[in-house]
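Visitor: just to be clear, the model below is a prediction. Sequence and coordinates:
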Amino acid sequence: MGMATRHQLDDNLFKTAKWYVLNNSPEIEEYLNEHYNKVREVHTNNVDRCHAAKFPTWFKSKIQDLRKNNPSEVSEDLYALACGPEPWVVSYSACIMNGIRFHTRNHEELRRTQNSGVLVSGEHQSESVEFYSVVKDILALQYMKWRHVYLFECQWFDIADPIRGIRVGEHLMSVNMSRSWYKDEPFVLACQASQVFYLQNTGLGSNWYAVQKVTNINVYDIPSNPLIEDDESDSSDIDVYQEDNDGDAYIPVQVDDDGLVSPLHRRYVRMIVPTLLAAQVKISPLMMKQTRIGISSISESPFSLHL
């Protein structure tokens with residue numbers, strides 16, 4: 001795995017990542033709706049674009065004023081979210097998210113195993129679709145007081161073109177890895193990602209790969225509510241693990257009901273790190289809003305994810 005590396009995102013990529021986290025935070029939905037309605041009153045065209053560009057600054061100013069006048073109404077998590085992440089991020093080549101191991105594509109180039117395939121359910125033009133990609137990078141956005149949010153930077157494959165991008169047969173679906181989609185919106189919360197594998201489909205050409213969905217070994221969906229309602233001692237906060245004997249050092253990440261993610265050796269919160277969000281997919285992978293993030297605080301660990 002190697003050591004984590006720290007680097008600065010370019011301005012456009014940083015703004016894209018910052019907006020993606022904000023736009024997928026259910027705790028601030030009232031602020032998102034308020035700002036969207038204000039923008040719609042002024043701008044009749046490009047409302048979504050103006051909303052995305054102006055919301056972070058507007059939100060930061062609004063929360064700072066609220067904190068000054070009514071400090072009890074602004075939690076530390078909300079304030080950290082409003083202030084935004086540092087432009088310097090930590091990059092990893094692998095992580096374990098909710099018991100599932102993910103690698104970046106470069107990390108597994110010389111390996112026989114494959115762990116970089118990602119599937120995310122979302123919407124495109126008001127229709128439910130499944131977005132397929134490979135992980136290019138695993139990033140930890142750093143917020144105030146050691147809070148973190150984990151994102152996958154992905155290469156999305158073109159599933160909009162039924163001839164040159166994707167082929168769906170009776171028993172097999174293949175994607176063309178030479179054609180990309182949503183290049184300007186590469187991020188997804190790590191907690192939003194499911195894993196898929198790609199097998200080369202030589203019948204269609206060297207760039208075509210069949211998509212194989214899988215159920216990970218020894219990974220189970222644990223009900224969020226106790227199965228025995230009259231037993232108050234029952235706990236649904238059960239950790240999920242995937243058996244895998246590998247000597248590599250991974251950054252384990254878990255998510256709880258709040259959508260934040262944090263290292264497995266620490267408390268697991270929805271998208272905690274000890275704090276930030278869970279996410280959803282809406283118009284595109286970046287605009288995802290089907291699995292929102294939740295803010296929650298964990299004093300001993302940084303923010304974390306769900307997806």
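Guide: Nice, I can see it.

Visitor: got the phi and psi for residue 140?
Guide: For residue 140, the backbone dihedrals (degrees, to the nearest 10) come out as phi -110, psi 110.

Visitor: hey, what's the nearest residue to it once chain neighbours are set aside bridged with?
Guide: Once flanking residues are discounted, residue 140 sits nearest to residue 90: 4.3 Å by CB to CB, 6 or more residues apart in numbering. From N, CA and C alone the C-beta is placed, and that goes for glycine too. Beta-bridge partners recorded for residue 90 (DSSP bridges): residue 6, residue 140.

Visitor: residue 189 versus residue 90, what's the distance?
Guide: 16 Å (CB to CB, to the nearest Å).

Visitor: neighbour count winner among those two?
Guide: When residue 90 and residue 189 are compared for neighbours, residue 189 comes out ahead with 33 against 18, by other CB atoms under 10 Å.

Visitor: where does this protein have low pLDDT?
Guide: The chain contains residues with pLDDT under 70 at 1-3, 217-307.

Visitor: element containing residue 34, please.
Guide: According to DSSP states H and E, residue 34 maps onto helix 29-42.

Visitor: what helices and strands are in contact with the next helix or strand after that helix?
Guide: Following helix 29-42 in sequence order, the next helix or strand is helix 47-69 (DSSP H and E). Under the contact definition 3 or more CB pairs under 8 Å, 6 or more residues apart in numbering; DSSP states H and E, helix 47-69 sits against helix 11-23, helix 29-42, helix 76-83.

Visitor: can you do 6 Å?
Guide: Contact analysis of helix 47-69 by 3 or more CB pairs under 6 Å, 6 or more residues apart in numbering; DSSP states H and E lists helix 29-42, helix 76-83 as its packing neighbours.

Visitor: report the buried residues of that helix.
Guide: Across helix 47-69, burial judged by 16 or more other CB atoms under 10 Å covers 50, 51, 52, 55, 56, 59, 62, 63, 66, 67.

Visitor: using CSV, list the CA coordinates for it.
Guide: This file holds the C-alpha atoms of helix 47-69, laid out as CSV (Å, rounded to 0.1, in the frame of the first residue of the first chain):
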residue,chain,number,x,y,z
VAL,A,47,-29.9,28.0,-12.0
ASP,A,48,-28.1,24.7,-11.0
ARG,A,49,-24.8,26.1,-12.1
CYS,A,50,-25.2,29.4,-10.2
HIS,A,51,-26.4,27.5,-7.2
ALA,A,52,-23.4,25.3,-7.1
ALA,A,53,-21.0,28.1,-7.7
LYS,A,54,-22.4,30.5,-5.1
PHE,A,55,-23.7,28.3,-2.3
PRO,A,56,-20.4,27.5,-0.5
THR,A,57,-19.6,31.2,0.1
TRP,A,58,-23.3,32.1,1.0
PHE,A,59,-23.5,29.1,3.4
LYS,A,60,-20.3,29.9,5.2
SER,A,61,-21.3,33.5,5.7
LYS,A,62,-24.8,32.5,6.9
ILE,A,63,-23.5,30.0,9.5
GLN,A,64,-20.8,32.4,10.7
ASP,A,65,-23.5,35.0,11.4
LEU,A,66,-25.7,32.5,13.0
ARG,A,67,-22.9,31.3,15.2
LYS,A,68,-22.1,34.8,16.3
ASN,A,69,-25.7,35.7,17.2
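
Visitor: what's in contact with it?
Guide: Residues outside helix 47-69 that contact it (CB atoms under 6 Å, 6 or more residues apart in numbering) are 19, 31, 35, 36, 39, 40, 43, 73, 74, 79, 82.

Visitor: out of those residues, which one sits closest to residue 216?
Guide: residue 19 (30.7 Å; CB to CB).

Visitor: next up, the contacts around the closest one.
Guide: residue 52.

Visitor: if we go to 7 Å?
Guide: Taking CB atoms under 7 Å, 6 or more residues apart in numbering as the criterion, residue 19 is in contact with 52, 56.
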